[in-house]
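[1] Here is my input; please provide its structure:
(2 chains)
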Amino acid sequence: DAGITQSPRHKVTETGTPVTLRCHQTENHRYMYWYRQDPGHGLRLIHYSYGVKDTDKGEVSDGYSVSRSKTEDFLLTLESATSSQTSVYFCATKTGTQNEKLFFGSGTQLSVL
Amino acid sequence: TQLLEQSPQFLSIQEGENLTVYCNSSSVFSSLQWYRQEPGEGPVLLVTVVTGGEVKKLKRLTFQFGDARKDSSLHITAAQPGDTGLYLCAGAPTTSGTYKYIFGTGTRLKVLA
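    Predicted coordinates for the structure are as follows:
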């Protein structure tokens, strides 16, 4: 499977602090995604990227920003974390072939207290 | 509002029973994918359905794509405890671009021995 590394794997932070999650891939996939997973909601798309410096909003983008300065890295930033952003965050990548699968990282468990 | 609604949300059945999971949307999808997710891991692709009306079989699992490409179903015959997990449908609505992948709300299946 694609080499996708998410860091950190776990993080506990306080309300109001900035938080950055990193997704690093070694497969040169063009498309990268950030999802959050909460009970009863499956995975919800936060932001995605279709190339270096090309990003777009997903279903639940409020309170989140992203950056992709290199093909291999996709950063998710919570400018001022809130308790509602406590969740498991998954990064995923995809090749440019339409029906190819998404490759997932192992997830980041974020707790905002 | 999540564009892909799955039903049922939870399902607990005895080993050997049959079940069907539904994935519905008001949007048209060029293709739909089904994933299964185990606790603490990212989703893993089961199948991709591309053509309206298409039926694909994967051992005891049968996947169908609706004629109008707005819905899909997953049928499991003679369920086994190893089928336990979270089942997710996913796709990119044709109105949102080819690569804006969203996920359904999820169906959590538990098969009892």
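[2] Run through chain A and note the low-pLDDT ranges.
    A:1-2, A:98 (pLDDT under 70).
[3] who are the neighbours in contact with the residue of it found nearest chain B?
    With CB to the nearest CB, the shortest gap between chain A and chain B falls at A:Phe104, namely 2.7 Å. Bear in mind the C-beta positions are built from the backbone N, C-alpha and C, glycine included. A:Phe104 makes contact with A:4, A:90-92, B:41-43, according to CB atoms under 8 Å, 6 or more residues apart in numbering or on different chains.
[4] One more pass at 10 Å, please.
    A:1-2, A:4, A:6, A:33, A:35, A:43, A:90-93, B:35, B:37, B:41-45 (CB atoms under 10 Å, 6 or more residues apart in numbering or on different chains).
[5] now A:Tyr64
    A:19, A:21, A:34, A:36, A:46-47, A:57-58, A:76-79, A:85, A:89.
[6] In strands, which of those residues appear?
    Taking DSSP state E as the definition of strands, those contribute A:19, A:21, A:34, A:36, A:46-47, A:57, A:76-78, A:89.
[7] Separate out the buried members of those residues.
    Using 16 or more other CB atoms under 10 Å in any protein chain shown as the burial test, the ones in strands among the contacts of A:Tyr64 include A:19, A:21, A:34, A:36, A:46-47, A:76, A:78, A:89 as buried.
[8] Could you give the bridge partners of the residue of chain A closest to chain B?
    Bridge pairing for A:Phe104 (DSSP bridges) gives the partners A:Ala92.
[9] Give me the distance between the most centrally placed residue in chain A and B:Thr51.
    In chain A, the centroid-proximal residue (CA atoms, centre = their mean) is A:Trp34; its distance is 2.7 Å. As for A:Trp34, its distance to B:Thr51 is 30 Å (criterion: CB to CB, to the nearest Å).
[10] just A:Arg44 next, same as before
    A:Arg44 is 28 Å from B:Thr51, by CB to CB.
[11] again, but for A:Val19
    From A:Val19 to B:Thr51 the distance is 43 Å (CB to CB).
[12] wait, what's in contact with A:Arg68?
    Contacts of A:Arg68 by CB under 10 Å, 6+ apart are A:23, A:32, A:47-55, A:74-75.
[13] For A:Arg36, which non-adjacent residue is spatially closest?
    The shortest distance from A:Arg36 to any non-neighbouring residue, by CB to CB, 6 or more residues apart in numbering or on different chains, is to A:Ser87 (4.3 Å).
[14] Is that neighbour bridged to anything, and to what?
    A:Leu110.
[15] Which single one of the buried ones among the ones in strands among the contacts of A:Tyr64 is nearest to B:Ser7?
    A:Arg36 (21.8 Å; CB to CB).
[16] dump the residue contacts of that closest one.
    Contacts of A:Arg36 by CB under 10 Å, 6+ apart are A:43-46, A:58-60, A:64, A:76, A:85-90, A:107-108, A:110.
[17] Tell me the bridge partners for it.
    Bridge pairing for A:Arg36 - DSSP bridges - gives A:Arg44, A:Tyr89.
[18] Let me see the ranges of the strands in chain B.
    Assigned by DSSP E, chain B shows strands spanning B:5-7, B:10-14, B:19-24, B:32-37, B:44-49, B:55-58, B:61-65, B:71-76, B:85-91, B:102-103, B:107-112.
[19] which parts of chain A sit against chain B?
    Within chain A, the positions near chain B by CB under 10 Å from any CB of the partner chain are A:1, A:4, A:6, A:30-31, A:33, A:35, A:37, A:39-45, A:48-50, A:56-60, A:88, A:90-92, A:94, A:96, A:98-107, A:109.
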